[in-house]
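*Asks:* what shape does this take:
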Amino acid sequence: MDEFTRIVGWLTRIGESEVLLSEISRNNRKAREVVDLLGKYGLINYQKKGRFQLVSLSHKGLEAYRHILAARRVIYGEEITPREPLASRLPERSSGPEMGIETSSELPSYLRDNPWLEVLASRSRGRVFG
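*Replies:* All right, here's what the predicted structure looks like:
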């Protein structure tokens, strides 16, 4: 895979958020290689906060990322966010009586009105750089 393709892939993976170095790759050597490659072109901001190593796109990286999203819109005719799970882009499969699976749109009792769900959801959004 050529260098440009790798850069586009990593820019898409990082996106507009701030990610931990370990989220780039669990392999420390590979993560450092990615940081060095993107840093060589000034596409990322790298900082340490305590024991955490955080990576986010620089202004130049964000501009390149926006061009990548524009290219996606041209190709696919719509914007697909890089963090969107693949399952949400696939057509819905019908499950139900023919597969022997009972479907219900009601949440289980332990999830209904659970205040911790909001706390956990806000924690995952709290790392946005800005």
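*Asks:* so which bits of the one helix or strand residue 4 maps to are buried?
*Replies:* Assigning secondary structure by DSSP states H and E places residue 4 in helix 3-14. The neighbour-count check on helix 3-14 (16 or more other CB atoms under 10 Å) flags 7-8, 10-12, 14 as buried. From N, CA and C alone the C-beta is placed, and that goes for glycine too.
*Asks:* what does stretch 52-59 give?
*Replies:* Applying a neighbour-count criterion of 16+ other CB under 10 Å, one finds 53-58 buried in stretch 52-59.
*Asks:* which one of the residues you listed is nearest residue 18?
*Replies:* The closest of those to residue 18 turns out to be residue 56 (CB to CB; 4.2 Å).
*Asks:* residues contacting that closest one?
*Replies:* Residue 56 sits next to 14, 17-19, 44-45, 129 when contact means CB atoms under 8 Å, 6 or more residues apart in numbering.
*Asks:* what average pLDDT does the helix or strand containing it get?
*Replies:* Here residue 56 sits within strand 52-57, counting by DSSP H and E. Here strand 52-57 scores 92 as its mean pLDDT.
*Asks:* for the protein, where's the lowest mean pLDDT among helices and strands?
*Replies:* helix 86-89 (a mean of 46; mean pLDDT, DSSP states H and E).
*Asks:* which other helices and strands contact the helix ranked longest in the chain?
*Replies:* As assigned by DSSP state H, the longest helix anywhere in the chain is helix 59-76. Packing contacts for helix 59-76, counted by 3 or more CB pairs under 8 Å, 6 or more residues apart in numbering; DSSP states H and E, involve helix 3-14.
*Asks:* which residues are in contact with the helix it packs on?
*Replies:* 24, 34, 37-38, 41, 43-44, 55-57, 61, 64-65, 68, 82.
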